[in-house]
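In: Quick one, structure for this:
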Amino acid sequence: MIVLAVDCMGGDHGPEVTLPACRQFLDEHPDARLLLVGLPQALAGFSHERASTVPASEVVAMDDAIEVALRRKKDSSLRVAIQQVKDGTAQAAVSAGNTGALMAVARYLLKTLDGIERPAIATALPNKVGGATTMLDLGANVDCTAEHLLQFAVMGSALVSALGGGDNPRVGLLNIGEELIKGNELIKSAGDLLRAAGAAGDLNFIGNVEGDDIFKGVADIVVCDGFSGNVALKTAEGLAGMIAQFLREEFSRNIFTKMAAIAAYPVLNALKKRMDHRRYNGAALLGLRGLVFKSHGSADVLGFEHALRRAYDAASNQLLARVQARIAHAALLPAAPAVVAAGEGR
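Out: The predicted structure is shown next:
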């Protein structure tokens, strides 16, 4: 039985989205059980044989400062959900709450894995070959070292492998060009480490990739610092929304465009499904001593259910053990002693 702890109060919509999503998830996953964390009065109307409630007296608001979530709201639904993972009651926690607060509390409670200096946020983006490209970091670490990017690549490889992407996923380093001479000193140094990891058999590193390669399916994993990753993610979300709005407006102008829309419906529907960000919802917080997944704050029922699915798949496929195994293997690299030392004593 896979047990997930769910912060039912987080996000823009709270229980009105999380509870229906939980019910739908439970109906489709008979080997799963949910711990619903939140204000008792908000969860009182929910009943399912494989769900139980865990009370919390506080809620972390989407605009709360990290300090508030970490130091003042010690009985928040977000924190109590992560505590279930720390205590071993649940195998993973899922929240749509404040991203900064979620990362801070998760790192404080769970600590980082040996060999990992900083956790990273990873999510999947649809690509044109019908699959998905996993990208990290997406905002947890604005400033990174080359060693951090190597760690992200190792963790991303474990994530993709655990979620059905094969045992040898292709890793690309986001850069302004494919040539080795391109990029700043950070990227050049990271490229050296990643090539060494590839030569040692720790990674399937294919070299530098550019921004448009993210959606071409050239690589299964694209590694970057949190600043670049977050900008790329928000740009992709904005573009997808603009395309959807454009199609709605164009195909509702007159009878001719409506007829064209009817004729093109199968193709447009397939495109809509492929670009639907809700089906890729659920970002993993990698590098922690426990599994935590972040849903988009504005997710609807379908989106939040997909975040639950990703957490369930990660727990079912032993993501944490896979990450630890890859880190242990990569520790044979020349750069690894300094990286491992950074994680000692946590």
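In: Now do the helix or strand where Leu308 lies: distance to the chain's middle.
Out: Using DSSP states H and E, Leu308 sits in helix 301-316. On the basis of Cα atoms, centre = their mean, to the nearest Å, helix 301-316 sits 11 Å off its chain's mean C-alpha point.
In: Which elements pack onto that helix?
Out: Counting contacts by 3 or more Cβ pairs under 8 Å, 6 or more residues apart in numbering; DSSP states H and E, helix 301-316 packs against strand 2-7, helix 15-28, strand 92-95, helix 146-162, strand 291-294. For every residue, glycine as well, the C-beta is placed using N, CA and C.
In: and the next element down the chain from it?
Out: helix 319-330.
In: what angle do that following helix and helix 301-316 make?
Out: Going by axes from the mean of the first three to the mean of the last three Cα atoms, to 10 degrees, helix 319-330 is angled at 50 degrees with respect to helix 301-316.
In: Start and end of stretch 96-116, how far apart?
Out: Terminal residues of stretch 96-116 are spaced 25 Å apart (Cα to Cα, to the nearest Å).
In: Would you mind listing the buried residues in it?
Out: The neighbour-count check on stretch 96-116 (16 or more other Cβ atoms under 10 Å) flags 96-107, 109-116 as buried.
In: same thing with stretch 50-59?
Out: Here stretch 50-59 shows Ala51, Thr53, Val54, Ala56, Glu58, Val59 as buried, counting by 16+ other Cβ under 10 Å.
In: again with stretch 172-184
Out: Gly172, Leu173, Leu174, Asn175, Gly183.
In: what's the lowest-pLDDT member of those residues?
Out: Among those, Gly183 carries the lowest pLDDT, at 90.
In: tell me the secondary structure for it?
Out: Following DSSP: H, G, I helix; E, B strand; the rest coil, Gly183 is assigned to coil.
In: which residues touch the residue nearest to it when sequence neighbours are not counted?
Out: Once flanking residues are discounted, Gly183 sits nearest to Asn175: 4.6 Å by Cβ to Cβ, 6 or more residues apart in numbering. By Cβ atoms under 8 Å, 6 or more residues apart in numbering, the residues touching Asn175 are Lys182, Gly183, Ile187, Gly191, Asn208, Val209, Glu210.
In: Out of those residues, which end up buried?
Out: Among those, those buried by neighbour count (16+ other Cβ under 10 Å) are Gly183, Ile187, Gly191, Asn208, Val209, Glu210.
In: Could you work out the most separated pair of these?
Out: Gly191 and Glu210 (13.8 Å; Cβ to Cβ).
In: Which residue ranges of the stretch 51-200 of the chain form strands?
Out: With DSSP state E, counting those that start in this stretch, the ranges of strands along the stretch 51-200 of the chain come out as 51-55, 92-95, 120-126, 132-136, 170-174.
In: average pLDDT for the shortest one?
Out: The average of the pLDDT scores along strand 92-95 is 98.
In: cool, the third one as well?
Out: Strand 120-126 comes out with an average pLDDT of 91.
In: Direction included, what does it pair up with?
Out: Here strand 120-126 has these sheet partners by DSSP bridges: strand 132-136 (antiparallel), strand 283-286 (antiparallel).
In: circling back to that earlier point, out of the buried ones among the contacts of Asn175, which is nearest to Ala90?
Out: Checking these against Ala90 with Cβ to Cβ, the nearest one is Val209 at 35.9 Å.
In: so what's the closest residue to the closest one other than its chain neighbours bridging to?
Out: Closest residue in space to Val209, ignoring its immediate chain neighbours: Gly172 at 3.5 Å, by Cβ to Cβ, 6+ apart. Gly172 has the following beta-bridge partners by DSSP bridges: Gly207, Val222.
In: how far away is Gly172 from Gly10?
Out: Distance of Gly172 to Gly10, computed by Cβ to Cβ, to the nearest Å: 32 Å.
In: cool, Lys182 as well?
Out: Counting by Cβ to Cβ, the gap from Lys182 to Gly10 is 40 Å.
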